[in-house]
Structure formats: C-alpha cells, structure tokens
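# quick check, what structure comes out for this input:
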Amino acid sequence: MAVPKYDEMYNDFLMILSDEKEHDIKEIREKVAKLKKLTEADLKETLNSGKCKYFNRIGWTATYLKKAGLINSNRRGAFNITIEGKKIVNDKKEISNEFLLNYESFKKFKDRDNENIILKTKKISREEIELTPQENIEKAIQEINNELEDNLLDEILKQSSDFFEELSVKLLLAMGYGKVENAIVTPKTGDYGIDGFVLEDELGINTIFIQAKRYDKNNSVSRPEIQKFAGAMLGKNAKKGVFITTSYFAKPAIEYANNQNIILIDGQKLVQLMIKYNVGCYIENNYSIKKLDLDFFENI
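Just a heads-up that it's a prediction; the model follows:
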C-alpha cells in the first residue's frame, strides 16, 4: 500500500488515543503504520527534500486534529484525546477535512491569511476558485508558517519569564539593532520596570529600552502597564522603547503608546518576526521556482 494521505489517517490516529491515555508520536506512528499495513518500502519513501513522507503526513494529521480540538498536547511529541475527540470515536464518525470544517478553530486556521492569495468575489465561493500552481505553493507555505507561529507561541508560554526577556533581547539583535556585547537583560531586582536594553552605538547615545511581558494569550496588556513602562523610560531619559508581549494590547494601551514613542509587539507579530529573522526556528528546506529566460534565446 502507498503512504496514505494525511486526511486518511484521522480516524486511526483518534482510535489509538481513544483509551484516554497519553501516547507519544513514535508509538502512534508505529500503530498507524500497522493499521494501514505499510511496508518497509512505504516507510522509506521520501519527499523531494529527503524527508520521510510518512512522518511528514502523519505530522499534519496530528496538526489538523489538534486545530479542530479533537486532540491536544501537554508536552512536546505526545498527544491525548479530548472530550470532543472521544465523542467522535464513540459516534463512529468518518473524519475528513470537510468534517473538520464544522469546528470554528479548524476553519479559522485554514482560512487565516488566505485573503492575500485568493480572489475575493461575492459571486464565486472560495471552493470554486482554482489557484495557479504558484498560488498553491504560496498557500501551502502560509499554512506551514501558520502552524509554526502557533507552535512557537505555545513553546514560549511554557518557558519562564526570564527566558522571555532573553528572547526579546535576542530578537532585537537578530533584527539588526545593536551588537551582542551591547545588549543586556537587566537583573530582576532594581530593574525599575526595564527588562533589558540594546545600545545602538558604542557610547549608548541611542538606546532601545525593552519591556517583556509573558501573558496568557487571552489576557490583554492594559494602558496602565504601558504607562508604567513610559514612566520607567522617563526615569532613564530614554527616547526609544519596545514593549513585547505574548498576548495582545488593549485599544487604550495602543493609543497611549502611539504618543510615547513606544513600539508595541504583540504575540502574533512576535512569532512572525521570529520566523522572519530565524529566531527559535531554522530553514528546513529551500525551493526554487525557475522561469523561462526569453533574453537567453533572443540574444544567441
């Protein structure tokens, strides 16, 4: 049998977790492979990048089940079934991508940022629009990045506040602000509301002060928090500040920051910048799209 598509393994994946125990991905892969009667040759099949095709596909199986809320993961590389997932197993529902669209969290994940590459029209539905090959590539890359964004944020929230402060400084360095030797995370005691700073020049004439708050995704940063940071900056006679959080900023906080020369980076912007500047992630594969060079043929 050929390696099954990721959506052909939804039910098998859930069935393995139906005992309501936590299972690691290695065990799940082995059990699904047996259920699908995959041969050694099947398991050795690779993508053009050299990665194992089966591992790649079952990884997306897990991703989509998780986005729909049928499974969750409390630690890296391990999964357990949710109440909704157990209900699906008990009801013996056949799971497909179309079925998963009944869950708002899955639909939101699939639709996110697609506006940039899908024709907007009132008369034609998205499903009826045929994308060009290049648009399909862009859509796939966006979907991969969406998953990476979520994973990065989940991983950050598992870390300590000290880690987040270090991360915030490293991100600014990766973006080209200052040098490693001129970047400092301030000690917990006596930081006066400043978590770190980056010197943009040797003399420290231009200094960027940093406040880093690792909040739950659902807790917003309020105006008073920005005011405290602004007050701390005033005490340092600072002119530039960056407030970074894993959550989001309330509207009054945004309005206040706009008048204080304070740049706000919320959780979504944070992980997007991390991806752009390769902080906490790495380039797994590069793909090139080649085009016919008409000048080559005309000039011979």
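# right, and the helix or strand after the lengthiest helix in the chain?
Longest helix in the chain by number of residues, with DSSP state H as the criterion: helix 133-158. Where DSSP states H and E defines the elements, the next helix or strand beyond helix 133-158 is helix 161-174.
# would you mark the buried spots in that next one?
164-173 (16 or more other C-beta atoms under 10 Å). (Glycine included, C-beta is placed from N, CA and C.)
# then stretch 67-87?
67-71, 79-82, 85-86.
# next one: stretch 281-295
residue 281.
# only alpha carbons, please: show that stretch as PDB.
What follows is stretch 281-295, C-alpha atoms only, in PDB (Å, rounded to 0.1, in the frame of the first residue of the first chain):
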ATOM      1  CA  CYS A 281      13.400  28.200  14.200                       C
ATOM      2  CA  TYR A 282      15.500  27.200  11.200                       C
ATOM      3  CA  ILE A 283      15.200  26.800   7.500                       C
ATOM      4  CA  GLU A 284      14.400  23.200   6.800                       C
ATOM      5  CA  ASN A 285      14.200  23.400   3.000                       C
ATOM      6  CA  ASN A 286      14.600  25.900   0.200                       C
ATOM      7  CA  TYR A 287      12.700  25.600  -3.000                       C
ATOM      8  CA  SER A 288      13.500  27.500  -6.200                       C
ATOM      9  CA  ILE A 289      10.900  28.400  -8.900                       C
ATOM     10  CA  LYS A 290      12.600  28.800 -12.300                       C
ATOM     11  CA  LYS A 291      11.200  30.700 -15.300                       C
ATOM     12  CA  LEU A 292      12.000  30.700 -19.000                       C
ATOM     13  CA  ASP A 293      14.700  33.300 -19.800                       C
ATOM     14  CA  LEU A 294      13.500  34.700 -23.100                       C
ATOM     15  CA  ASP A 295      16.500  37.000 -23.300                       C
END
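# strands of this structure, start to end?
Applying DSSP state E to the chain gives strands spanning 23-24, 71-72, 78-81, 183-185, 196-199, 207-213, 220-221, 240-245, 248-249, 262-265.
# list the contacts of the first one.
I take that to be strand 23-24. For strand 23-24, the external contacting residues (C-beta atoms under 8 Å, 6 or more residues apart in numbering) are 16-17, 77-80.
# read off the pLDDT value for residue 113.
For residue 113, the pLDDT comes out at 52.
# tell me the pLDDT of the residue nearest to the spatial centre of the chain.
Most central in the chain under C-alpha atoms, centre = their mean is residue 149, positioned 0.9 Å from the mean C-alpha point. Per-residue pLDDT puts residue 149 at 94.
# residues near the closest residue to residue 227 other than its chain neighbours, how many?
Distances taken as C-beta to C-beta, 6 or more residues apart in numbering put residue 256 closest to residue 227, at 6.6 Å, once the chain neighbours are dropped. Residue neighbour count, defined by other C-beta atoms under 10 Å, stands at 20 for residue 256.
# residues touching residue 256, list them.
Contacts of residue 256 (C-beta under 8 Å, 6+ apart): 223, 226-227, 230.
# just to check, residue 233 is in contact with residue 227?
No: using C-beta atoms under 8 Å, residue 233 makes no contact with residue 227, being 10.6 Å away.
# between these two, tell me which one has more neighbours.
More crowded of residue 233 and residue 227, by other C-beta under 10 Å: residue 233, with 23 against 15.
# show me what contacts that one?
Residue 233 touches 194, 209, 239, 241, 260, 262, counting by C-beta under 8 Å, 6+ apart.
# closest to residue 101 among those residues?
Nearest to residue 101 among the contacts of residue 233 is residue 262, at 40.2 Å by C-beta to C-beta.
# measure the closest residue to the closest one other than its chain neighbours to residue 103 for me?
Take residue 262 and drop its neighbours on the chain: the residue closest to it by C-beta to C-beta, 6+ apart is residue 241, 4.4 Å away. Separation of residue 241 from residue 103 (C-beta to C-beta, to the nearest Å): 40 Å.
# what does residue 138 give?
Residue 138 is 25 Å from residue 103, by C-beta to C-beta.
# same check, this time on residue 238
In terms of C-beta to C-beta, residue 238 sits 46 Å off from residue 103.
# chain center to stretch 210-229: distance?
21 Å (C-alpha atoms, centre = their mean, to the nearest Å).
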